[in-house]
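S.K.: Predicted model and sequence follow; I will ask about them next.
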Amino acid sequence: MDELRNKVKALLEAKTVNVVIGYEEGTGKKPRAVFAVKPEDAAKLIYDSRCVLNLAAYITKHEVKAKGKMAITATLPVMRSIIQLASEFQVNDNNLFVIGLTPDNQVIEFKNLAEVETFIHKFEISIDSKYKEALEKLDKMSRTDRWNWWINELAPCFKCYACRAACPMCYCHRCTVDFNQPQWIPVPSHELGNLEWHIMRAVHLTGRCIDCDACANACPLGIPINLLNKRLLEDAKKHFGGYQPMLKGDHLMSTFKPDDKENFIR
Amino acid sequence: MTIDKRILRKDSLEKLFNILRENNRTIFAPVEHNGKISFKASGSFSSVATDYIQTTQSSKEAAFPRTEKILDYTKTRDNINASPFDHNQIPEVVIWGVRPCDAMGIAELSAIFNWDLKDEIYNQRLAKTTVIGFSCMKADESCFCTSVGGNPGNTEGSDILLTRMGEGGDLIAEIITDKGAAIVSFAGELFQKSEEGQKEKYLADVPVKFNRDEIRKKLDKYFESDIWVKQSLRCIGCGACAYVCPTCACFDIQDEIHGKSGSRVRCWDSCGFSQFTIHTSGHNPREVQSQRWRQRIMHKFSYMPERLDVYGCTGCGRCSRACPVDMNILEHLTSIQEVTL
Amino acid sequence: MSDFEPRIVAFVCNWCTYAGADLTGTSRIKYASNVRIVRFPCTGRIDYMLLLKAFDEGADGIIVSGCHPNDCHYTSGNFHARRRWIMFRELCDLMGIDINRIQFSWVSAAEGSKWADVVNTTVTKIRELGPYTEYKKVANWPVKEVING
């Protein structure tokens, strides 16, 4: 922890960055985001296994961006998000400095995003076995049962859009659900509105989701919406050999192979 | 009417539940799903959750549903036929297991819906809703009802308030309103006349954390303060706090169109959303999250008391528990109280 | 079920399938009249939301059709579309949306008879499946009294 705090303190003292996004102790024993702007703020920073909030969601936040050059203490999912954001031209080496918090508790100062990319490529994106089981259970259900299961699971959703707000990849200034000409997704929360919203969310994250679970963790109603993303991650592996966020190169869904295989087109 | 105090034996609770169902009452009771407790139309007493501090969602939906049709319409060649909301379709509802802070919220919500225009649908729904409150035996660090004029055994807003005399014990029943008395009239034999029991000693201990009148006075001078920027930097601008709040009343009107016919729908909206105030011109008077966060606090602690003589917060703590990024309202209110300009 | 006539929406590309369907007509090939054709510049433009909207508005089945691989007027629109359909179809299946009601096909401008065949077999299949009541029920919400979802 001291190593982390010292590094952050040094960054702020040297005025290398204007703000450091990190974790601090929150209320209810849950760590939360903190924005360190003065060297003495570094003392608030913490890092432990409870730090699961995806801080990358703040990088594209208007109010945070306005502070100028920033640094971020980034766990593996946060680093993945950063590389994906960089590949979508949302951040670059000039405005973001990454302090990596590795799974084995090391603190790494990355010189640039290319180094971050090299680091994250050492780890494959792989969904947790408990979610694999949940998906297998769904696969075994009849189609009608699956339909009813989802209608029932999505029923509590009141469209607070916490899943969207917590997701680093949902940075659009104006989301498809906010458009009303045409009105793609019904605004009210009812069975159709909820179903279509969650389909839309999942589709827009296809090939971009890095499996951080921020959406499901943010949901105040405990809806297992990340199952949709996880299934698409698995499908991307099955059909196209999977993906990793990359600084250069094509995104999974914005490219194709002439020999992509399917068995349903007549 | 004066409060009529009775005793409800512990095994009478299930009987009361069943009698209400036999009398065609739709019962919304706290039910657990995915680790969260919410009010659900409940068919059996055994599915009703008992061990909870607070439900995740509030009971305001009985009178102010997240989504409700206010009229249906059909367009013809040169006319529009509208069929307005049919009051007869509102069922007689009993909300079971409402916490006193939630029940207190009804008065605050009603103040908004009857401010100038009397909202007919809201009032009709409320008139058909009976609130059976349960006093709090437990509280957590998010609870602060005592700081905003409530308490764990507050009778305000409930039609009947039940207080359990210790874990698994009999219940003190306070029949507060005519609607409550109507319930008792179905199940008179269950409510025994008795002088036993003082509810105060069974209630949770909720320490007072701040003085709301002091905060209100401060807020008058705090509009331009940078405290809003500091507090809201963490906020990610979702609507979770507003949607779980028992007093948040903002709504949107939407037309759901299918060809030549459609429905006009009222659905919830939240001042936390970046596009809540956006004008047709593209100008947005609340451009940044700090302005939206200020609005949330100001509305509840300054504008509402000024215009409606009620505060817009009941201290239920739901917003703090629901927030994905730990925007803890109690923490923020105490810091407003402590800060000096 | 004998009096059930499926309503089918076909999203087709301008350059191949739409021309193919035109050829079906000019060749005077008879085929089921249950289909409403919506023309798009390219299959690459056929957004998945359009498919959902069709179900919302009461379609019992959907046909999505365009140029064969390597024949796209815009070189690669259909390749992009194919990738998207592969993923969207998996998602629909996971959510219990009846993927048997969505027929994807490649029909070129010269395949007038294939178009008639695609439509006819789809109509027969949907006739067997019956009206898509599940989705319609959800689209014509409410009407039960619900609180807290």
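M.R.: Structure received.

S.K.: Pull the number of nearby residues for residue B:79.
M.R.: The tally of other residues near residue B:79 (other C-beta atoms under 10 Å in any protein chain shown) stands at 8. Where you see a C-beta, it was placed from the backbone N, CA and C, and this is true even at glycine.

S.K.: For residue B:71, see how far away it is.
M.R.: 15 Å (C-beta to C-beta, to the nearest Å).

S.K.: Residue B:60 against residue B:109, yeah?
M.R.: Yes. Assessed by C-beta atoms under 8 Å, residue B:60 is found in contact with residue B:109 at 5.8 Å.

S.K.: Please enumerate the shared neighbours of these two.
M.R.: Residues touching both residue B:60 and residue B:109 comprise B:246, B:247, with contact defined as C-beta atoms under 8 Å, 6 or more residues apart in numbering or on different chains.

S.K.: Which parts of the stretch 51-200 of chain B are strands?
M.R.: Defined through DSSP state E, counting those that start in this stretch, the strands belonging to the stretch 51-200 of chain B, from first to last, are B:67-75, B:80-84, B:93-98, B:129-134, B:160-164, B:171-175, B:191-193.

S.K.: just chain C next, same as before
M.R.: C:8-13, C:35-40, C:61-66, C:102-106 (DSSP state E).

S.K.: what's the distance between the third one and the middle of its chain?
M.R.: Read it as strand C:61-66. 3 Å (C-alpha atoms, centre = their mean, to the nearest Å).

S.K.: now swap in stretch C:12-27 and tell me
M.R.: Offset of stretch C:12-27 from its chain centre (C-alpha atoms, centre = their mean): 15 Å.

S.K.: Domain-wise, how is chain A divided?
M.R.: Per automatic domain parsing, the domain ranges recorded for chain A read A:2-120, A:129-254.

S.K.: how far out from the middle of the chain is the last one?
M.R.: Going by C-alpha atoms, centre = their mean, the spacing between the C-alpha centre of domain A:129-254 and its chain's C-alpha centre is 12 Å.

S.K.: Between the two ends of it, how far is it?
M.R.: 29 Å (C-alpha to C-alpha, to the nearest Å).

S.K.: per-residue confidence for residue C:141?
M.R.: The model reports residue C:141 with a pLDDT of 64.

S.K.: what ranges of the stretch 151-266 of chain A fall below the confidence cut-off?
M.R.: For the stretch 151-266 of chain A, no stretch is flagged by pLDDT under 70.

S.K.: Around chain B, which positions in it sit nearby?
M.R.: Contact residues (C-beta under 8 Å from any C-beta of the partner chain) of the stretch 151-266 of chain A with chain B: A:153, A:156, A:158-162, A:164-166, A:174, A:178, A:186-190, A:193, A:217-224.

S.K.: just to revisit the earlier point, right, and the domains of chain A - which one's nearest chain C?
M.R.: Evaluated over these, closeness to chain C peaks at domain A:129-254, with 2.8 Å, by C-beta to the nearest C-beta.

S.K.: Now do the contacts for residue A:177.
M.R.: A:161, A:184, A:185, A:187, A:197, A:200.

S.K.: and after the helix or strand containing the last one, which helix or strand comes next?
M.R.: Following DSSP states H and E, one finds residue A:200 within helix A:191-204. With elements assigned by DSSP H and E, the helix or strand that comes after helix A:191-204 is helix A:214-218.

S.K.: From the contact counts, what lies against that next one?
M.R.: Judged by 3 or more C-beta pairs under 8 Å, 6 or more residues apart in numbering or on different chains; DSSP states H and E, the packing partners of helix A:214-218 are helix A:162-166, helix A:226-240.

S.K.: Apply 10 Å and report the result again.
M.R.: Applying 3 or more C-beta pairs under 10 Å, 6 or more residues apart in numbering or on different chains; DSSP states H and E, one finds that helix A:214-218 contacts helix A:76-87, helix A:162-166, helix A:191-204, helix A:226-240.

S.K.: Would you mind putting those helices into JSON lines with distance to chain C and mean neighbour count alongside?
M.R.: Formatted as JSON lines, the entries for the helices and strands packed on helix A:214-218 read as follows, by distance: least, C-beta to the nearest C-beta, whole Å; neighbours: other C-beta atoms under 10 Å in any protein chain shown:
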{"stretch": "helix A:76-87", "distance to chain C": "17", "mean neighbour count": "24"}
{"stretch": "helix A:162-166", "distance to chain C": "15", "mean neighbour count": "25"}
{"stretch": "helix A:191-204", "distance to chain C": "4", "mean neighbour count": "23"}
{"stretch": "helix A:226-240", "distance to chain C": "4", "mean neighbour count": "20"}
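
S.K.: mind giving me CSV with those and columns for distance to residue A:261?
M.R.: Conversion of the helices and strands packed on helix A:214-218 to CSV gives the following (distance: least, C-beta to C-beta, whole Å):
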stretch, distance to residue A:261
helix A:76-87, 26
helix A:162-166, 32
helix A:191-204, 20
helix A:226-240, 7
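
S.K.: follow-up on the earlier one: now the residues of the stretch 151-266 of chain A next to chain B: which count as buried?
M.R.: With burial judged by 16 or more other C-beta atoms under 10 Å in any protein chain shown, the buried subset of those is A:153, A:156, A:158-162, A:164-166, A:178, A:186-190, A:193, A:217-224.

S.K.: who touches residue A:39 in this structure?
M.R.: Each residue near residue A:39 by C-beta atoms under 10 Å, 6 or more residues apart in numbering or on different chains is listed here: A:5, A:8, A:9, A:10, A:11, A:12, A:13, A:14, A:15.

S.K.: ok, the first one - how many residues close by?
M.R.: With neighbours defined by other C-beta under 10 Å, the count for residue A:5 comes to 20.

S.K.: Pull up the residues of the stretch 1-150 of chain A that are close to chain C.
M.R.: A:135, A:138-139, A:141-150 (C-beta under 10 Å from any C-beta of the partner chain).

S.K.: give me that answer again for 7 Å
M.R.: Contact residues of the stretch 1-150 of chain A with respect to chain C, defined by C-beta under 7 Å from any C-beta of the partner chain, are listed as A:138, A:143, A:144, A:146, A:147, A:150.

S.K.: and what of the stretch 1-150 of chain B?
M.R.: When proximity is defined as C-beta under 7 Å from any C-beta, the stretch 1-150 of chain B approaches chain C at B:26, B:28, B:38, B:39, B:40, B:41, B:57, B:61, B:62, B:65, B:69, B:91.

S.K.: which residues touch the first one?
M.R.: Meaning residue B:26. B:41, B:91, B:92, B:93, C:145 (C-beta atoms under 7 Å, 6 or more residues apart in numbering or on different chains).

S.K.: Run a quick neighbour tally on residue B:296.
M.R.: A total of 25 residues lie near residue B:296 under the criterion other C-beta under 10 Å.

S.K.: returning to that earlier point: for the contacts of residue B:26, which two are the farthest from each other?
M.R.: Using C-beta to C-beta, the pair of those lying farthest apart is B:41 and B:92, separated by 12.7 Å.

S.K.: before we move on, the earlier item: among the residues of the stretch 1-150 of chain B next to chain C, which one sits closest to residue C:27?
M.R.: The nearest one, if we look at those relative to residue C:27 and count by C-beta to C-beta, is residue B:69, at 49.0 Å.
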